[in-house]
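Chemist: Model the following, please.
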Amino acid sequence: MSKTAITINGADAKSVYPAIIIAVSSAATGDEVVLFFSPFGAPAMLKGAIEKMNEETEHMPDLIEMMDGLKMLGAKIFVCELALEYHGLKEEDFIEEAEIVGATTFVGAVQGAELTLSF
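Modeler: Numbering: from 1, shown residues only. Here you go, the predicted structure:
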């Protein structure tokens with residue numbers, strides 16, 4: 001099994017969609033997938049954000065279904081802890097699948113990744 005590491009640096013559809021599409025594709029082939037939402041990408045993981053983005057984006061795959069697929073396939077979704085202070089957020093503001101971590105945790109989790117992407 002290979003490992004795929006993806007960082008998401010924006011909370012807009014142009015940053016989130018490609019990351020999630022590739023993450024689902026990678027996980028579906030059996031790869032271990034770790035996503036890291038930087039402080040600027042973190043708002044995409046707030047409760048309701050994916051649903052809103054899904055509604056606002058026509059002719060694209062369903063983000064909710066893809067996120068459910070990632071959960072089912074065991075992908076890890078990390079949100080940078082710096083986002084909390086920067087945006088004035090709390091851990092409970094994020095979707096339940098999101099784990100609030102420091103960058104060091106992400107770096108440790110993706111050691112040996114064969115595919116590393118950033119959006």
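Chemist: Just the strands from the chain, written as ranges.
Modeler: 3-8, 32-37, 76-80, 98-101, 115-118 (DSSP state E).
Chemist: Need these in JSON lines (columns: mean pLDDT).
Modeler: What follows is these, written out as JSON lines (pLDDT from 0 to 100):
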{"stretch": "strand 3-8", "mean pLDDT": "98"}
{"stretch": "strand 32-37", "mean pLDDT": "98"}
{"stretch": "strand 76-80", "mean pLDDT": "98"}
{"stretch": "strand 98-101", "mean pLDDT": "98"}
{"stretch": "strand 115-118", "mean pLDDT": "95"}
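Chemist: Nearest to Met67 among those strands would be which one?
Modeler: Nearest of the strands of the chain to Met67, taken as C-beta to C-beta: strand 76-80 at 8.5 Å. The way it works is simple: take the backbone N, C-alpha and C, and place the C-beta from them, glycine included.
Chemist: Show me what the closest one packs onto, helices and strands only.
Modeler: strand 32-37, strand 98-101, helix 103-109 (3 or more C-beta pairs under 8 Å, 6 or more residues apart in numbering; DSSP states H and E).
Chemist: rerun at 6 Å
Modeler: Other helices and strands packing on strand 76-80, by 3 or more C-beta pairs under 6 Å, 6 or more residues apart in numbering; DSSP states H and E, are strand 32-37, strand 98-101.
Chemist: Show me the contact partners of the shortest one.
Modeler: Put plainly, it is strand 98-101. Outside strand 98-101, the residues that touch it by C-beta atoms under 6 Å, 6 or more residues apart in numbering are Met45, Ile77, Phe78, Val79, Glu81, Glu91.
Chemist: Can you tell me which of those has the largest number of neighbours?
Modeler: Within the contacts of strand 98-101, most neighbours by other C-beta atoms under 10 Å means Val79, with 30 neighbours.
Chemist: Identify the residues contacting it.
Modeler: Phe37, Ala42, Met45, Phe94, Ala98, Ile100.
Chemist: which one of those residues is nearest Gly112?
Modeler: Phe37 (21.4 Å).
Chemist: isn't that closest one right up against Ala49?
Modeler: No: because the distance of 10.6 Å does not satisfy C-beta atoms under 6 Å, Phe37 is recorded as not touching Ala49.
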